[in-house]
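Enquirer: Build the 3D model from these lines:
(chains A and B)
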Protein chains: 2
Amino acid sequence: MKFTSKIFNSHPDTDGDFFLGIKKILGFKPRDIEIYKRAFLHRSVNKKDPDGNPMNYERLEFLGDSMLGTIISKHLYNEVPEGDEGYLTKMRSKVVSRKHLNELGKDLELLQFVESRIPKSHFGENIHGNVFEALVGAIYLDRGYPYCEKFINERVIEPYVDIDQLEGKVISYKSLVIEWCQKQKKSFHYNVYEDTGNDELKHFAVKLTIGDRILAKARATSKKKAEEKASKRAYFALQNKIENQQD
Amino acid sequence: MKFTSKIFNSHPDTDGDFFLGIKKILGFKPRDIEIYKRAFLHRSVNKKDPDGNPMNYERLEFLGDSMLGTIISKHLYNEVPEGDEGYLTKMRSKVVSRKHLNELGKDLELLQFVESRIPKSHFGENIHGNVFEALVGAIYLDRGYPYCEKFINERVIEPYVDIDQLEGKVISYKSLVIEWCQKQKKSFHYNVYEDTGNDELKHFAVKLTIGDRILAKARATSKKKAEEKASKRAYFALQNKIENQQD
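Expert: The predicted structure follows:
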(Lines give C-alpha, C1' and ligand atoms only; values in the text may rest on other atoms or scores of the structure.)
Protein backbone atom coordinates (compact mmCIF):
# COMPACT_ATOMS: atom_id res chain seq x y z
CA MET A 1 0.00 0.00 0.00
CA LYS A 2 1.30 3.37 -0.91
CA PHE A 3 0.35 6.15 1.42
CA THR A 4 2.06 9.24 0.19
CA SER A 5 2.55 12.29 2.32
CA LYS A 6 -0.41 13.90 0.62
CA ILE A 7 -3.04 15.03 3.07
CA PHE A 8 -6.51 13.98 2.05
CA ASN A 9 -8.80 16.74 2.94
CA SER A 10 -11.68 17.64 0.79
CA HIS A 11 -12.84 20.31 3.15
CA PRO A 12 -12.87 23.92 2.08
CA ASP A 13 -9.42 25.38 1.97
CA THR A 14 -9.86 28.61 3.77
CA ASP A 15 -10.43 28.93 7.48
CA GLY A 16 -13.45 31.07 6.86
CA ASP A 17 -15.21 28.23 5.11
CA PHE A 18 -14.33 25.77 7.85
CA PHE A 19 -15.65 28.23 10.43
CA LEU A 20 -18.91 28.67 8.55
CA GLY A 21 -19.32 24.95 7.96
CA ILE A 22 -18.85 24.20 11.66
CA LYS A 23 -21.10 27.06 12.70
CA LYS A 24 -23.90 25.67 10.54
CA ILE A 25 -23.53 22.26 12.15
CA LEU A 26 -23.34 23.63 15.68
CA GLY A 27 -26.06 26.24 15.38
CA PHE A 28 -23.82 28.71 17.26
CA LYS A 29 -20.45 30.36 16.82
CA PRO A 30 -17.27 28.55 17.75
CA ARG A 31 -15.01 30.67 19.96
CA ASP A 32 -11.69 28.92 19.51
CA ILE A 33 -11.79 27.40 16.04
CA GLU A 34 -8.46 25.61 16.64
CA ILE A 35 -10.17 23.20 19.05
CA TYR A 36 -12.62 22.21 16.33
CA LYS A 37 -9.83 21.65 13.83
CA ARG A 38 -8.34 19.16 16.24
CA ALA A 39 -11.68 17.32 16.33
CA PHE A 40 -11.15 16.41 12.67
CA LEU A 41 -7.45 15.62 12.76
CA HIS A 42 -6.74 11.96 12.06
CA ARG A 43 -3.71 10.40 13.77
CA SER A 44 -2.22 9.56 10.36
CA VAL A 45 -1.41 13.26 9.90
CA ASN A 46 0.97 12.84 12.82
CA LYS A 47 0.72 16.41 14.05
CA LYS A 48 2.29 17.51 17.33
CA ASP A 49 1.57 20.46 19.57
CA PRO A 50 4.43 22.83 20.50
CA ASP A 51 5.28 20.55 23.47
CA GLY A 52 5.60 17.54 21.19
CA ASN A 53 2.32 15.90 22.23
CA PRO A 54 0.45 14.09 19.47
CA MET A 55 -2.52 16.07 18.20
CA ASN A 56 -5.53 14.23 16.83
CA TYR A 57 -9.19 13.74 17.57
CA GLU A 58 -8.87 10.70 19.81
CA ARG A 59 -8.55 12.55 23.11
CA LEU A 60 -11.50 14.77 22.23
CA GLU A 61 -13.47 11.66 21.34
CA PHE A 62 -12.82 10.32 24.86
CA LEU A 63 -14.17 13.56 26.31
CA GLY A 64 -17.14 13.85 24.01
CA ASP A 65 -18.19 10.24 24.52
CA SER A 66 -18.43 10.87 28.24
CA MET A 67 -20.34 14.16 27.92
CA LEU A 68 -22.74 12.66 25.41
CA GLY A 69 -23.50 9.81 27.84
CA THR A 70 -24.14 12.26 30.66
CA ILE A 71 -26.58 14.42 28.75
CA ILE A 72 -28.45 11.43 27.39
CA SER A 73 -28.57 10.05 30.95
CA LYS A 74 -30.17 13.22 32.23
CA HIS A 75 -32.70 13.23 29.41
CA LEU A 76 -33.67 9.62 30.07
CA TYR A 77 -33.81 10.23 33.83
CA ASN A 78 -36.34 13.00 33.32
CA GLU A 79 -38.30 11.38 30.50
CA VAL A 80 -38.69 7.91 31.96
CA PRO A 81 -39.47 8.28 35.66
CA GLU A 82 -40.61 4.68 35.83
CA GLY A 83 -37.38 3.23 34.46
CA ASP A 84 -34.93 1.74 36.93
CA GLU A 85 -31.13 1.96 36.71
CA GLY A 86 -30.87 -1.12 34.49
CA TYR A 87 -33.50 0.19 32.10
CA LEU A 88 -31.83 3.60 31.86
CA THR A 89 -28.46 2.00 31.18
CA LYS A 90 -29.94 -0.14 28.41
CA MET A 91 -31.73 2.77 26.79
CA ARG A 92 -28.66 4.97 26.94
CA SER A 93 -26.56 2.35 25.19
CA LYS A 94 -29.18 2.16 22.44
CA VAL A 95 -29.06 5.92 21.93
CA VAL A 96 -25.27 6.15 21.86
CA SER A 97 -24.71 2.94 19.92
CA ARG A 98 -22.00 2.95 17.25
CA LYS A 99 -24.64 2.49 14.58
CA HIS A 100 -26.56 5.49 15.81
CA LEU A 101 -23.54 7.76 16.11
CA ASN A 102 -22.24 6.75 12.71
CA GLU A 103 -25.61 7.62 11.22
CA LEU A 104 -25.48 11.01 12.93
CA GLY A 105 -21.95 11.76 11.76
CA LYS A 106 -22.87 10.74 8.23
CA ASP A 107 -25.98 12.92 8.16
CA LEU A 108 -23.89 15.90 9.17
CA GLU A 109 -21.29 14.93 6.56
CA LEU A 110 -18.51 15.32 9.07
CA LEU A 111 -16.10 13.30 6.94
CA GLN A 112 -15.64 16.29 4.64
CA PHE A 113 -13.75 18.07 7.44
CA VAL A 114 -11.46 15.18 8.36
CA GLU A 115 -7.79 15.74 7.68
CA SER A 116 -5.83 12.53 7.17
CA ARG A 117 -3.05 10.89 5.19
CA ILE A 118 -5.21 7.86 4.58
CA PRO A 119 -7.63 8.14 1.66
CA LYS A 120 -11.10 8.65 3.08
CA SER A 121 -12.42 5.66 1.21
CA HIS A 122 -10.16 3.51 3.41
CA PHE A 123 -11.92 4.49 6.61
CA GLY A 124 -14.46 2.16 8.15
CA GLU A 125 -17.92 3.17 9.26
CA ASN A 126 -16.84 4.21 12.74
CA ILE A 127 -15.01 7.31 11.63
CA HIS A 128 -18.38 9.07 11.39
CA GLY A 129 -19.36 8.38 15.00
CA ASN A 130 -15.84 8.97 16.29
CA VAL A 131 -15.57 12.47 14.88
CA PHE A 132 -19.11 13.20 16.05
CA GLU A 133 -17.98 12.40 19.60
CA ALA A 134 -14.80 14.43 19.12
CA LEU A 135 -16.96 17.36 18.01
CA VAL A 136 -18.92 17.12 21.28
CA GLY A 137 -15.60 17.11 23.15
CA ALA A 138 -14.54 20.23 21.27
CA ILE A 139 -17.78 22.01 22.17
CA TYR A 140 -17.25 21.06 25.83
CA LEU A 141 -13.80 22.65 25.87
CA ASP A 142 -14.75 25.64 23.77
CA ARG A 143 -18.17 26.61 25.10
CA GLY A 144 -18.77 24.48 28.17
CA TYR A 145 -21.63 22.34 29.35
CA PRO A 146 -24.64 24.48 28.32
CA TYR A 147 -23.67 24.44 24.65
CA CYS A 148 -23.05 20.70 24.74
CA GLU A 149 -26.53 20.27 26.11
CA LYS A 150 -28.02 22.52 23.44
CA PHE A 151 -26.14 20.75 20.65
CA ILE A 152 -27.00 17.26 21.88
CA ASN A 153 -30.63 18.23 22.32
CA GLU A 154 -30.84 19.53 18.78
CA ARG A 155 -28.67 16.94 17.07
CA VAL A 156 -29.30 13.75 19.01
CA ILE A 157 -32.27 13.92 21.34
CA GLU A 158 -34.75 15.89 19.31
CA PRO A 159 -34.20 14.01 16.04
CA TYR A 160 -33.25 10.56 17.33
CA VAL A 161 -34.55 9.83 20.79
CA ASP A 162 -38.07 8.53 20.67
CA ILE A 163 -38.52 6.41 23.77
CA ASP A 164 -41.43 4.43 22.32
CA GLN A 165 -39.46 3.63 19.19
CA LEU A 166 -36.35 2.71 21.16
CA GLU A 167 -38.44 0.38 23.23
CA GLY A 168 -39.88 -1.14 20.09
CA LYS A 169 -43.38 -0.16 21.24
CA VAL A 170 -44.17 1.74 18.07
CA ILE A 171 -42.90 0.97 14.67
CA SER A 172 -41.73 3.89 12.58
CA TYR A 173 -44.03 5.49 10.04
CA LYS A 174 -41.31 4.92 7.47
CA SER A 175 -41.55 1.15 8.02
CA LEU A 176 -45.33 1.30 7.72
CA VAL A 177 -45.13 3.20 4.46
CA ILE A 178 -42.45 0.90 3.02
CA GLU A 179 -44.40 -2.17 4.00
CA TRP A 180 -47.51 -0.82 2.31
CA CYS A 181 -45.60 0.05 -0.86
CA GLN A 182 -44.05 -3.40 -1.01
CA LYS A 183 -47.39 -5.14 -0.58
CA GLN A 184 -48.95 -2.89 -3.20
CA LYS A 185 -45.95 -3.35 -5.47
CA LYS A 186 -45.56 0.42 -5.67
CA SER A 187 -42.18 2.03 -6.11
CA PHE A 188 -41.13 4.55 -3.47
CA HIS A 189 -38.25 6.95 -3.16
CA TYR A 190 -37.03 9.20 -0.37
CA ASN A 191 -35.15 12.08 -1.90
CA VAL A 192 -33.19 13.71 0.91
CA TYR A 193 -31.11 16.83 0.37
CA GLU A 194 -29.53 19.49 2.48
CA ASP A 195 -31.89 22.38 2.85
CA THR A 196 -30.06 25.55 1.98
CA GLY A 197 -32.30 27.78 4.02
CA ASN A 198 -31.13 30.65 6.15
CA ASP A 199 -31.42 28.78 9.44
CA GLU A 200 -28.70 29.01 12.00
CA LEU A 201 -28.67 25.22 12.12
CA LYS A 202 -28.21 22.88 9.16
CA HIS A 203 -31.50 21.32 8.05
CA PHE A 204 -32.51 18.50 5.78
CA ALA A 205 -35.46 18.31 3.46
CA VAL A 206 -37.05 15.23 1.97
CA LYS A 207 -39.50 14.49 -0.81
CA LEU A 208 -41.28 11.16 -0.63
CA THR A 209 -42.37 9.85 -4.00
CA ILE A 210 -44.69 6.87 -4.17
CA GLY A 211 -45.34 5.57 -7.65
CA ASP A 212 -45.00 8.66 -9.76
CA ARG A 213 -46.48 11.08 -7.23
CA ILE A 214 -44.72 13.25 -4.65
CA LEU A 215 -46.84 12.27 -1.68
CA ALA A 216 -45.21 14.25 1.10
CA LYS A 217 -42.46 16.71 1.88
CA ALA A 218 -40.81 17.45 5.19
CA ARG A 219 -37.93 19.31 6.74
CA ALA A 220 -35.99 18.64 9.96
CA THR A 221 -32.59 18.81 11.64
CA SER A 222 -31.73 15.22 10.71
CA LYS A 223 -32.30 13.03 7.69
CA LYS A 224 -33.99 10.43 9.82
CA LYS A 225 -36.40 12.89 11.38
CA ALA A 226 -37.22 14.43 8.01
CA GLU A 227 -37.94 11.00 6.51
CA GLU A 228 -40.07 10.07 9.50
CA LYS A 229 -42.05 13.31 9.26
CA ALA A 230 -42.67 12.85 5.54
CA SER A 231 -43.65 9.22 6.16
CA LYS A 232 -46.11 10.26 8.84
CA ARG A 233 -47.71 12.72 6.43
CA ALA A 234 -47.81 10.10 3.70
CA TYR A 235 -49.19 7.57 6.17
CA PHE A 236 -52.14 9.78 7.04
CA ALA A 237 -52.71 10.60 3.38
CA LEU A 238 -52.72 6.89 2.63
CA GLN A 239 -54.46 5.88 5.83
CA ASN A 240 -57.69 4.61 4.35
CA LYS A 241 -55.78 2.55 1.84
CA ILE A 242 -53.42 1.20 4.48
CA GLU A 243 -56.25 0.28 6.81
CA ASN A 244 -58.10 -1.54 4.07
CA GLN A 245 -54.93 -3.48 3.39
CA GLN A 246 -54.81 -4.60 7.01
CA ASP A 247 -58.38 -5.94 6.89
CA MET B 1 -34.00 -13.21 59.00
CA LYS B 2 -36.44 -10.83 60.48
CA PHE B 3 -36.66 -7.48 58.79
CA THR B 4 -39.34 -5.58 60.56
CA SER B 5 -40.99 -2.57 59.07
CA LYS B 6 -38.73 -0.40 61.20
CA ILE B 7 -36.82 2.09 59.16
CA PHE B 8 -33.16 2.20 60.10
CA ASN B 9 -32.10 5.71 59.92
CA SER B 10 -29.76 7.16 62.41
CA HIS B 11 -29.70 10.49 60.65
CA PRO B 12 -30.97 13.53 62.45
CA ASP B 13 -34.72 13.57 62.70
CA THR B 14 -35.56 17.05 61.71
CA ASP B 15 -35.28 18.36 58.21
CA GLY B 16 -33.21 21.26 59.44
CA ASP B 17 -30.47 18.93 60.61
CA PHE B 18 -30.49 16.99 57.35
CA PHE B 19 -30.28 20.25 55.41
CA LEU B 20 -27.35 21.46 57.50
CA GLY B 21 -25.57 18.12 57.29
CA ILE B 22 -25.87 18.06 53.50
CA LYS B 23 -24.90 21.70 53.18
CA LYS B 24 -21.70 21.02 55.12
CA ILE B 25 -20.83 18.16 52.79
CA LEU B 26 -21.66 20.10 49.64
CA GLY B 27 -20.11 23.40 50.63
CA PHE B 28 -23.16 25.20 49.21
CA LYS B 29 -26.87 25.35 49.88
CA PRO B 30 -29.18 22.74 48.42
CA ARG B 31 -32.15 24.28 46.64
CA ASP B 32 -34.57 21.37 46.56
CA ILE B 33 -33.78 19.29 49.62
CA GLU B 34 -36.22 16.58 48.50
CA ILE B 35 -33.86 15.56 45.68
CA TYR B 36 -31.10 14.98 48.24
CA LYS B 37 -33.38 12.90 50.43
CA ARG B 38 -33.93 10.63 47.48
CA ALA B 39 -30.17 10.21 47.13
CA PHE B 40 -30.18 8.40 50.49
CA LEU B 41 -33.31 6.34 50.07
CA HIS B 42 -32.58 2.63 49.90
CA ARG B 43 -34.88 0.48 47.79
CA SER B 44 -35.83 -1.58 50.86
CA VAL B 45 -37.93 1.36 52.08
CA ASN B 46 -40.10 0.74 49.03
CA LYS B 47 -41.24 4.32 48.63
CA LYS B 48 -43.23 5.43 45.60
CA ASP B 49 -43.77 8.83 44.07
CA PRO B 50 -47.33 10.12 43.55
CA ASP B 51 -47.40 8.38 40.14
CA GLY B 52 -46.49 5.04 41.69
CA ASN B 53 -42.87 5.00 40.45
CA PRO B 54 -40.34 3.47 42.84
CA MET B 55 -38.28 6.09 44.65
CA ASN B 56 -34.75 5.26 45.70
CA TYR B 57 -31.19 6.33 45.05
CA GLU B 58 -30.46 3.96 42.18
CA ARG B 59 -31.59 6.21 39.36
CA LEU B 60 -29.63 9.13 40.82
CA GLU B 61 -26.62 6.85 41.11
CA PHE B 62 -26.87 6.17 37.35
CA LEU B 63 -26.90 9.90 36.69
CA GLY B 64 -24.13 10.76 39.14
CA ASP B 65 -21.85 8.00 37.90
CA SER B 66 -22.01 9.48 34.41
CA MET B 67 -21.46 13.08 35.52
CA LEU B 68 -18.56 12.07 37.74
CA GLY B 69 -16.91 10.31 34.80
CA THR B 70 -17.33 13.37 32.60
CA ILE B 71 -15.80 15.81 35.05
CA ILE B 72 -12.89 13.49 35.78
CA SER B 73 -12.40 13.07 32.02
CA LYS B 74 -12.17 16.81 31.52
CA HIS B 75 -9.70 17.14 34.38
CA LEU B 76 -7.49 14.38 33.00
CA TYR B 77 -7.74 15.80 29.47
CA ASN B 78 -6.40 19.13 30.69
CA GLU B 79 -3.86 17.79 33.15
CA VAL B 80 -2.27 15.13 30.98
CA PRO B 81 -1.83 16.56 27.48
CA GLU B 82 0.56 13.76 26.59
CA GLY B 83 -1.87 10.94 27.49
CA ASP B 84 -3.69 9.22 24.66
CA GLU B 85 -7.27 7.97 24.75
CA GLY B 86 -6.27 4.61 26.24
CA TYR B 87 -4.23 6.24 28.96
CA LEU B 88 -7.03 8.65 29.86
CA THR B 89 -9.55 5.81 30.04
CA LYS B 90 -7.26 3.82 32.34
CA MET B 91 -6.61 6.77 34.63
CA ARG B 92 -10.28 7.64 34.83
CA SER B 93 -11.17 4.13 35.86
CA LYS B 94 -8.57 4.33 38.63
CA VAL B 95 -10.07 7.56 39.94
CA VAL B 96 -13.65 6.35 39.89
CA SER B 97 -12.89 2.83 41.07
CA ARG B 98 -15.31 1.25 43.56
CA LYS B 99 -12.57 1.24 46.18
CA HIS B 100 -11.95 4.92 45.71
CA LEU B 101 -15.60 5.92 45.76
CA ASN B 102 -16.29 3.78 48.81
CA GLU B 103 -13.43 5.49 50.61
CA LEU B 104 -14.89 8.87 49.66
CA GLY B 105 -18.39 7.98 50.81
CA LYS B 106 -17.01 6.64 54.08
CA ASP B 107 -14.93 9.74 54.75
CA LEU B 108 -18.02 11.88 54.32
CA GLU B 109 -19.97 9.48 56.56
CA LEU B 110 -22.79 9.36 54.08
CA LEU B 111 -24.19 6.18 55.61
CA GLN B 112 -25.63 8.22 58.47
CA PHE B 113 -28.16 9.72 56.06
CA VAL B 114 -29.26 6.48 54.43
CA GLU B 115 -32.84 5.48 55.04
CA SER B 116 -33.45 1.75 54.78
CA ARG B 117 -35.35 -1.21 56.22
CA ILE B 118 -32.19 -3.26 56.27
CA PRO B 119 -29.93 -2.75 59.28
CA LYS B 120 -26.96 -0.70 58.15
CA SER B 121 -24.54 -3.33 59.39
CA HIS B 122 -25.92 -5.62 56.68
CA PHE B 123 -24.78 -3.39 53.85
CA GLY B 124 -21.63 -4.24 51.95
CA GLU B 125 -18.85 -1.79 51.23
CA ASN B 126 -20.37 -0.51 48.02
CA ILE B 127 -23.18 1.38 49.68
CA HIS B 128 -20.68 4.17 50.44
CA GLY B 129 -19.68 4.69 46.82
CA ASN B 130 -23.20 4.19 45.53
CA VAL B 131 -24.70 6.95 47.67
CA PHE B 132 -21.74 9.18 46.83
CA GLU B 133 -22.64 8.81 43.15
CA ALA B 134 -26.32 9.37 43.93
CA LEU B 135 -25.36 12.57 45.72
CA VAL B 136 -23.58 13.79 42.58
CA GLY B 137 -26.74 12.95 40.61
CA ALA B 138 -28.80 14.98 43.08
CA ILE B 139 -26.49 17.98 42.72
CA TYR B 140 -26.78 17.71 38.94
CA LEU B 141 -30.57 17.88 39.08
CA ASP B 142 -30.71 20.49 41.82
CA ARG B 143 -27.96 22.92 40.87
CA GLY B 144 -26.73 21.86 37.44
CA TYR B 145 -23.33 21.24 35.96
CA PRO B 146 -21.29 24.08 37.55
CA TYR B 147 -22.02 22.88 41.08
CA CYS B 148 -21.23 19.29 40.16
CA GLU B 149 -17.88 20.48 38.87
CA LYS B 150 -17.21 22.49 42.03
CA PHE B 151 -18.21 19.59 44.29
CA ILE B 152 -16.16 17.02 42.38
CA ASN B 153 -13.18 19.35 42.30
CA GLU B 154 -13.31 19.83 46.05
CA ARG B 155 -14.29 16.32 47.07
CA VAL B 156 -12.61 14.10 44.51
CA ILE B 157 -10.01 15.84 42.40
CA GLU B 158 -8.35 18.11 44.91
CA PRO B 159 -8.03 15.50 47.67
CA TYR B 160 -7.70 12.32 45.63
CA VAL B 161 -6.35 12.89 42.15
CA ASP B 162 -2.59 13.01 42.12
CA ILE B 163 -1.52 11.91 38.65
CA ASP B 164 1.96 10.89 39.78
CA GLN B 165 0.56 8.77 42.58
CA LEU B 166 -2.07 7.21 40.32
CA GLU B 167 0.67 6.33 37.88
CA GLY B 168 2.69 4.82 40.68
CA LYS B 169 5.52 7.26 39.95
CA VAL B 170 5.66 8.56 43.48
CA ILE B 171 4.88 6.65 46.57
CA SER B 172 2.78 8.39 49.19
CA TYR B 173 4.43 10.11 52.12
CA LYS B 174 2.20 8.03 54.37
CA SER B 175 3.79 4.84 53.04
CA LEU B 176 7.27 6.28 53.54
CA VAL B 177 6.48 7.22 57.13
CA ILE B 178 4.90 3.86 57.91
CA GLU B 179 7.81 2.02 56.36
CA TRP B 180 10.25 4.00 58.46
CA CYS B 181 8.28 3.40 61.65
CA GLN B 182 8.12 -0.31 60.96
CA LYS B 183 11.86 -0.56 60.32
CA GLN B 184 12.57 1.48 63.43
CA LYS B 185 10.04 -0.53 65.41
CA LYS B 186 8.29 2.67 66.42
CA SER B 187 4.58 2.78 67.04
CA PHE B 188 2.57 5.23 64.96
CA HIS B 189 -1.00 6.43 65.06
CA TYR B 190 -3.07 8.63 62.76
CA ASN B 191 -5.82 10.20 64.80
CA VAL B 192 -8.35 11.58 62.32
CA TYR B 193 -11.39 13.51 63.43
CA GLU B 194 -13.93 15.80 61.87
CA ASP B 195 -12.80 19.34 62.29
CA THR B 196 -15.64 21.38 63.72
CA GLY B 197 -14.46 24.64 62.30
CA ASN B 198 -16.69 27.27 60.79
CA ASP B 199 -15.85 26.39 57.19
CA GLU B 200 -18.56 26.14 54.62
CA LEU B 201 -17.18 22.73 53.70
CA LYS B 202 -16.63 19.80 56.05
CA HIS B 203 -12.96 19.39 56.94
CA PHE B 204 -10.91 16.70 58.60
CA ALA B 205 -8.00 17.09 60.95
CA VAL B 206 -5.34 14.57 61.81
CA LYS B 207 -2.69 14.19 64.46
CA LEU B 208 0.17 11.88 63.66
CA THR B 209 1.81 10.35 66.69
CA ILE B 210 5.07 8.49 66.33
CA GLY B 211 6.28 6.81 69.46
CA ASP B 212 4.93 9.04 72.19
CA ARG B 213 5.29 12.30 70.30
CA ILE B 214 2.78 14.17 68.18
CA LEU B 215 4.98 14.73 65.17
CA ALA B 216 2.62 16.51 62.81
CA LYS B 217 -0.87 17.87 62.46
CA ALA B 218 -2.80 18.67 59.32
CA ARG B 219 -6.21 19.64 58.07
CA ALA B 220 -7.89 19.02 54.71
CA THR B 221 -11.17 18.28 52.96
CA SER B 222 -10.61 14.53 53.03
CA LYS B 223 -9.15 12.09 55.52
CA LYS B 224 -6.70 10.83 52.95
CA LYS B 225 -5.43 14.29 52.09
CA ALA B 226 -5.11 15.24 55.76
CA GLU B 227 -3.12 12.08 56.49
CA GLU B 228 -0.92 12.68 53.49
CA LYS B 229 -0.27 16.28 54.52
CA ALA B 230 0.63 15.27 58.07
CA SER B 231 2.84 12.50 56.72
CA LYS B 232 4.64 14.93 54.45
CA ARG B 233 5.31 17.21 57.41
CA ALA B 234 6.49 14.29 59.51
CA TYR B 235 8.59 13.06 56.61
CA PHE B 236 10.48 16.33 56.38
CA ALA B 237 10.85 16.46 60.14
CA LEU B 238 12.26 12.96 60.06
CA GLN B 239 14.13 13.37 56.80
CA ASN B 240 17.64 13.07 58.10
CA LYS B 241 16.72 9.97 60.02
CA ILE B 242 14.90 8.47 57.04
CA GLU B 243 17.76 9.18 54.67
CA ASN B 244 20.24 7.61 57.02
CA GLN B 245 18.07 4.54 57.10
CA GLN B 246 18.18 4.33 53.32
CA ASP B 247 21.97 4.39 53.25
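Enquirer: count of residues packed around the residue lying closest to A:V95 once chain neighbours are set aside?
Expert: Leaving aside its sequence neighbours, A:V95 sits nearest to A:I72 (C-beta to C-beta, 6 or more residues apart in numbering or on different chains; 5.1 Å). C-betas here are computed from N, CA, C, even on glycine. Using other C-beta atoms under 10 Å in any protein chain shown, A:I72 has 23 neighbouring residues.
Enquirer: could you say what helices and strands the helix or strand harbouring A:I72 packs with?
Expert: Here A:I72 sits within helix A:58-79, counting by DSSP states H and E. Counting contacts by 3 or more C-beta pairs under 8 Å, 6 or more residues apart in numbering or on different chains; DSSP states H and E, helix A:58-79 packs against helix A:85-95, helix A:126-143, helix A:145-152, helix B:58-79, helix B:85-95, helix B:126-143.
Enquirer: Next secondary structure element downstream of the shortest one?
Expert: Yep, that's helix A:145-152 we're talking about. helix A:158-160.
Enquirer: re earlier: out of the helices and strands packed on helix A:58-79, which comes closest to A:K232?
Expert: Closest to A:K232 of the helices and strands packed on helix A:58-79, according to C-beta to C-beta: helix A:85-95, at 21.2 Å.
Enquirer: Report the angle between whatever helix or strand comes next after that closest one and helix A:85-95.
Expert: For helix A:85-95, the succeeding helix or strand toward the C-terminus, using DSSP H and E, is helix A:98-107. Helix A:98-107 and helix A:85-95 meet at an angle of 40 degrees, taking axes from the mean of the first three to the mean of the last three C-alpha atoms, to 10 degrees as the criterion.
Enquirer: which other residues reach helix A:98-107?
Expert: A:94, A:111, A:125-133, A:155-156, A:160, A:204, A:222-224 (C-beta atoms under 8 Å, 6 or more residues apart in numbering or on different chains).
Enquirer: hang on, the earlier thing: from what I see, the residue nearest to A:V95 and A:R155 are in contact.
Expert: No: at 11.8 Å, A:I72 does not count as touching A:R155 under the criterion of C-beta atoms under 8 Å.
Enquirer: which non-adjacent residue is nearest A:L215?
Expert: Per C-beta to C-beta, 6+ apart, closest to A:L215 is A:A234, 4.5 Å.
Enquirer: Can you pull the residues of chain A lying near chain B?
Expert: A:49, A:51, A:53-54, A:58-59, A:61-63, A:66-67, A:69-70, A:73-74, A:77, A:81-85, A:88-89, A:137, A:140-141, A:144-146 (C-beta under 8 Å from any C-beta of the partner chain).
Enquirer: can you do 6 Å?
Expert: Contacts of chain A with chain B, taken as C-beta under 6 Å from any C-beta of the partner chain, map to A:53, A:58-59, A:62-63, A:66-67, A:69-70, A:73, A:77, A:81-82, A:85, A:88, A:145.
Enquirer: Can you give me the neighbour number for A:P119?
Expert: So A:P119, with other C-beta under 10 Å, has 12 neighbours.
Enquirer: Just give me the neighbour total for the closest residue to A:P54 other than its chain neighbours.
Expert: Counting by C-beta to C-beta, 6+ apart, A:P54 lies nearest to A:K48, which is 6.1 Å off, once chain neighbours are set aside. Around A:K48 there are 10 other residues, counting by other C-beta under 10 Å.
Enquirer: So A:K48 versus chain B, what's the distance?
Expert: To chain B, A:K48 is 10 Å away according to C-beta to the nearest C-beta, to the nearest Å.
Enquirer: A:F28 looks like it's in a helix, true?
Expert: No: assignment of A:F28 by DSSP: H, G, I helix; E, B strand; the rest coil gives coil, placing it outside any helix.
Enquirer: What count of nearby residues applies to it?
Expert: 15.
Enquirer: And the pLDDT at the nearest residue to it once chain neighbours are set aside?
Expert: Spatial nearest neighbour of A:F28, chain neighbours left out: A:Y147 (6.3 Å); criterion: C-beta to C-beta, 6+ apart. What the model reports as pLDDT for A:Y147 is 98.
Enquirer: I'd assumed A:V206 was in a strand, is it?
Expert: Yes: secondary structure of A:V206 (three-state DSSP): part of a strand.
Enquirer: and the closest residue to it other than its chain neighbours, what element?
Expert: Excluding the flanking residues, the one nearest A:V206 by C-beta to C-beta, 6+ apart is A:A226, at 4.3 Å. Here A:A226, judged by DSSP H and E, is contained in helix A:223-246.
Enquirer: Just the buried positions in that helix, please.
Expert: A:223-235, A:237-238, A:242 (16 or more other C-beta atoms under 10 Å in any protein chain shown).
Enquirer: what is the orientation angle of it with helix A:98-107?
Expert: 110 degrees.
Enquirer: ok, the spatially most central residue of chain A to A:F132 distance?
Expert: The centroid of chain A falls nearest to A:L104 when counting by C-alpha atoms, centre = their mean (1.8 Å). Per C-beta to C-beta, to the nearest Å, A:L104 is found 5 Å from A:F132.
Enquirer: Can you pull out the low-pLDDT segments for chain A?
Expert: Across chain A, residues meeting the criterion (pLDDT under 70) sit at A:1-15, A:169-170, A:240, A:242-247.
Enquirer: how does it look with 80?
Expert: A:1-15, A:164-171, A:196-200, A:239-247 (pLDDT under 80).
Enquirer: domains for it, by residue range?
Expert: By the assignment in the TED database, chain A contains the domains A:13-167, A:173-244.
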